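Engineer: Test case, fold it:
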Amino acid sequence: QVQLVESGGGLVQAGGSLRLSCVASGRTIAMGWFRQAPGKEREFVAAMYRSGSTTYYADSVKGRFAISRDNAKNTVWLQMNSLKPEDTAVYYCASRTQFGATDITRAGEFNFWGQGTQVTVSS
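Structural biologist: This next block holds a predicted model:
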């Protein structure tokens, strides 16, 4: 069982920045961020494996968001710049603890989830 603790959400004006953090209680194979806006389905934002440097992003956030990690601290961050009102959502951290993932842009590849942190971008 891995517990995920997210922090860093809040209210920011359009064009501003926020940095989300997620600390895992144990070792993970991959970590990612997803978000869910009111009335919408949960969607992929960004993800990366524990090993290697390849990062994955949703088209809607490419060039504005950056995912990074510190394996020693079991921590992943999501730096969000040039925020837009449409980025408003609850952001969830997710982790995968088993080998064999085929597509970490899919929510179904992750077996542990955080409780979410609210990000609100005002226009």
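
Engineer: Check the protein and tell me which residue is nearest its centre.
Structural biologist: Centroid-nearest residue in the chain, with C-alpha atoms, centre = their mean: Trp33, separated by 1.9 Å.

Engineer: Tell me if I'm right that that residue and Met80 touch.
Structural biologist: No - Trp33 lies out of contact with Met80 (C-beta atoms under 8 Å); the separation is 9.4 Å. In this view, the C-beta of every residue, glycine as well, is placed from N, C-alpha and C.

Engineer: Now for these two: what residues contact both?
Structural biologist: Common neighbours of Trp33 and Met80 (criterion: C-beta atoms under 8 Å, 6 or more residues apart in numbering): Leu20.

Engineer: just to revisit the earlier point, ok, the helix or strand the residue nearest to the centre of the chain falls within: who's next to it in the sheet?
Structural biologist: Following DSSP states H and E, one finds Trp33 within strand 30-36. Strand pairing for strand 30-36, using DSSP bridges, gives strand 43-49 (antiparallel), strand 89-96 (antiparallel).

Engineer: Pick the most buried one from those.
Structural biologist: Greatest average neighbour count among these goes to strand 89-96 (a mean of 23), per mean count of other C-beta atoms under 10 Å.

Engineer: Within its sheet, name the partner strands of whatever helix or strand comes next after it and how each one runs.
Structural biologist: Using DSSP H and E, the helix or strand that follows strand 89-96 towards the C-terminus is strand 112-113. Sheet pairing for strand 112-113, assigned by DSSP bridges, gives strand 89-96 (antiparallel).

Engineer: would you put the C-alpha positions of the strand it pairs with in CSV?
Structural biologist: Extracted in CSV, the C-alpha atoms of strand 89-96 (Å, rounded to 0.1, in the frame of the first residue of the first chain):
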residue,chain,number,x,y,z
ALA,A,89,-9.6,21.4,-11.6
VAL,A,90,-8.9,19.0,-8.8
TYR,A,91,-5.4,17.7,-9.5
TYR,A,92,-4.7,14.1,-8.5
CYS,A,93,-1.3,12.4,-8.0
ALA,A,94,-1.1,8.8,-9.1
SER,A,95,1.5,6.1,-8.7
ARG,A,96,2.2,2.7,-10.2
